[in-house]
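In: With the input below, show me the fold.
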Amino acid sequence: MNEKNNKKIKAIIISIVLVTLIGIAVAFFTSRSESGKKTVRVGNLSIIYENEKVFKLSNQFPVYDEDIEEDASKIEFTVRNNGDVLEYASISMIDIAIDEKLKIPDFKYALYEKNISEPVKEGNFENAGTEINVGKNIEFEAEASKDYVLYVWLSENDGDQSNLMGTTFKAKIKLEGYGKKQGKLLSKKIKEDNAPIKEDKPDFDQIATEDEGLIKDKDDDGDTYYFRGAVEDNYVKFNGLTWAESDGSYHEAGEDMLWRIVRINGDGTIRLIADGSIGNSAFNENWNEEKYVGYTYDNNTSNRQDSTIKTYLEDWYNNNMMPYDEYIAESKFCNDTSTITDEEYYKVYGAYDRLSNNNPPIPSFKCNVTNKPYGGLYTDLKVGLITADEVMFAGGHPFQENYYYYLYRSNSNFWTASPDEFFADNGAGVWSVYSNGIMNPDGVPDGDGQEARPAVNLRSDLLYTDGDGSYMNPYVISG
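Out: Residues are numbered from 1 along each chain as shown. Now for the predicted structure:
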């Protein structure tokens, strides 16, 4: 007998009632037998559903996750915007009544828009209260509709689940519509989740091996808030974005591509760095002139040149991030080419002086003004690299290994945007972070290249929709 069909009989009674709510207007559907297409309108939004207004299922078998489309309990409905302006809506399960035995990871839900492979939201009832939001700030264009399926199922784990026989679950579905997005700014949510915020400067002569939380400082635009140390609640994912290739250690091809929050910038945007590499690239393929420490060079000519790493990052962004482009700000990235020593055959750049020549080091979020025709402050980029200063703020150090801070990756040497030195004999050098967590300068060609970890800045007006920033429940940005 097929293993999937050789299941122990467990009776899960599932009853879900469809409810619409706009403002304080509530409509309950209680008929148990009437069938056919039904439409309920409240305000500009309406729910359209088929068959019985209330359904009950009994003798529900456990279902393999990949088979929910055929075997899980479900409600299908359509939400239509009947008005002539854009509307937003939230969909929730409310008045949840659940047997305590079902508050487990194996009892799950998922809301899908039909013909879209990624769920609007999925989760389980392990920590279920009386209400669970399954879709927030969903956009409905004027005079347009979207078809949905909400699945609720007990996930088959091939173990003994007979203790769940006879358990019950009930819920209602609530649709709430509004004219503009609702909720708090994501930046505010991050601050609330990491309160109290520290304001004292850390000892930058020491690496950060523990979670030091969110710390306040200054950048060119005002107050900035950065994460430092072994942080575990600064994860973000773009819903639907996955790794194209395995890195052989931390992620596999097809897994969700996670990001880490570096800081809330002074202008309110939120800087992220990919939690892993998108591949290897030289910073610049040429090395024998000082300009090759530049993210761009020959800036003062009509033929400005992009560095190798800039081209690599922007090609990746254009091929992978366009579904999420509306969430990404054109924002600031610093390639600090200000010089401390500026001789013909020897240059020392600002980051080297701040991080290596001072005891303790004095990293800065501010980007120094430069008179060089390469590098400097960029204000209109969608993707770039973090600075060596940001690595030190996060917990790194030029002279100490660190296996604990959130930027550490055991199999990864990755580029920063910060120039180091230029020697006529040795060529152009840029700071990178080694696989032992130490910060170190490298020549820009670097053989096959260091790894590229793209950085982006989320828009300052982006609202919080879901997640707590943990690895298992990251903040979610939906495309």
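
In: now the strands for the stretch 101-250 of the chain?
Out: Along the stretch 101-250 of the chain, the stretches classed as strands by DSSP state E, counting those that start in this stretch are 107-113, 121-124, 132-140, 145-154, 168-178, 214-219, 222-227, 235-242.

In: Reformat those as CSV; add distance to Asp336, mean pLDDT and mean neighbour count.
Out: Using the backbone N, CA and C atoms, a C-beta is placed for each residue, glycine as well. Shown next, in CSV, are the strands of the stretch 101-250 of the chain (distance: least, CB to CB, whole Å; pLDDT from 0 to 100; neighbours: other CB atoms under 10 Å):
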stretch, distance to Asp336, mean pLDDT, mean neighbour count
strand 107-113, 45, 94, 21
strand 121-124, 41, 90, 18
strand 132-140, 38, 88, 19
strand 145-154, 47, 92, 20
strand 168-178, 44, 82, 21
strand 214-219, 13, 98, 18
strand 222-227, 16, 98, 20
strand 235-242, 26, 93, 20
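
In: domains of this structure?
Out: 13-182, 190-458 (automatic domain parsing).

In: what separates the first one from the chain centre, distance-wise?
Out: Yep, that's domain 13-182 we're talking about. 25 Å (CA atoms, centre = their mean, to the nearest Å).

In: how would you label Asn300: helix, strand or coil?
Out: State at Asn300, reduced to three classes by DSSP: H, G, I helix; E, B strand; the rest coil: coil.

In: Looks like it contacts Tyr374 (just checking).
Out: No. Applying CB atoms under 8 Å as the test, Asn300 and Tyr374 come out as separate, 9.2 Å apart.

In: In terms of packing, which of those two has more residues around it?
Out: A direct count of neighbours by other CB atoms under 10 Å for Asn300 and Tyr374 places Tyr374 higher, at 24 against 9.

In: From Glu70, how far off is that one?
Out: Applying CB to CB, to the nearest Å, the value for Tyr374 to Glu70 is 59 Å.

In: just Phe169 next, same as before
Out: In terms of CB to CB, Phe169 sits 20 Å off from Glu70.

In: For the residue lying closest to Lys181 once chain neighbours are set aside, which residues are in contact?
Out: Nearest residue to Lys181 in three dimensions, chain neighbours excluded: Asn137, at 4.7 Å (CB to CB, 6 or more residues apart in numbering). The neighbours of Asn137, taking CB atoms under 8 Å, 6 or more residues apart in numbering as the test, are Tyr88, Ser90, Lys181, Gln182, Gly183, Leu463, Thr465.

In: Which helix or which strand is home to His251?
Out: Under the criterion DSSP states H and E, no helix or strand holds His251.

In: Check what pLDDT it gets.
Out: Here, the pLDDT recorded for His251 equals 86.

In: Strands along the stretch 351-479 of the chain, start to end?
Out: Taking DSSP E, counting those that start in this stretch to define them, one finds strands in the stretch 351-479 of the chain at 376-381, 414-423, 427-433, 439-443, 450-451, 455-458, 475-478.

In: out of these, which comes closest to Ala329?
Out: Ala329 lies closest, by CB to CB, to one member of those: strand 455-458, at 4.7 Å.

In: To what extent is Asp298 buried, counted in neighbours?
Out: Residues near Asp298, counting by other CB under 10 Å: 13.

In: And Val383, by the same measure?
Out: Neighbours of Val383 (other CB under 10 Å): 22.

In: Near the closest residue to it other than its chain neighbours, how many residues? Count them for me, please.
Out: Among residues not flanking Val383 along the chain, Tyr317 sits closest, at 4.3 Å (CB to CB, 6+ apart). Number of residues near Tyr317 (other CB under 10 Å) recorded here: 20.

In: In contact with Tyr317, which residues are there?
Out: Lys382, Val383, Pro454, Val456.

In: The one helix or strand Arg263 maps to - what's its average pLDDT?
Out: Here Arg263, judged by DSSP H and E, is contained in strand 256-264. Regarding strand 256-264, the rounded mean pLDDT is 97.

In: Stretch 450-470 now?
Out: Here the average pLDDT along stretch 450-470 is 93.

In: Same question for that stretch: list its buried residues.
Out: Residues of stretch 450-470 classed as buried under the neighbour-count rule (16 or more other CB atoms under 10 Å) are 450-460, 462-467, 469.

In: what does stretch 427-444 give?
Out: Using 16+ other CB under 10 Å as the test for burial, stretch 427-444 gives 427-434, 437-439, 441-444.

In: cool, and stretch 330-345?
Out: Neighbour count says stretch 330-345 has Ser331, Lys332, Phe333, Cys334, Asn335, Asp336, Thr337, Ser338, Thr339 buried, by 16+ other CB under 10 Å.

In: so where's the stretch 1-150 of the chain uncertain?
Out: Within the stretch 1-150 of the chain, the segments meeting pLDDT under 70 span 1-38, 40-43, 49-60.

In: thinking again about what came up before, please tabulate the strands of the stretch 351-479 of the chain in JSON lines, including the columns distance to Gln400.
Out: Converted to JSON lines, those look like this (distance: least, CB to CB, whole Å):
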{"stretch": "strand 376-381", "distance to Gln400": "29"}
{"stretch": "strand 414-423", "distance to Gln400": "17"}
{"stretch": "strand 427-433", "distance to Gln400": "12"}
{"stretch": "strand 439-443", "distance to Gln400": "9"}
{"stretch": "strand 450-451", "distance to Gln400": "20"}
{"stretch": "strand 455-458", "distance to Gln400": "23"}
{"stretch": "strand 475-478", "distance to Gln400": "31"}
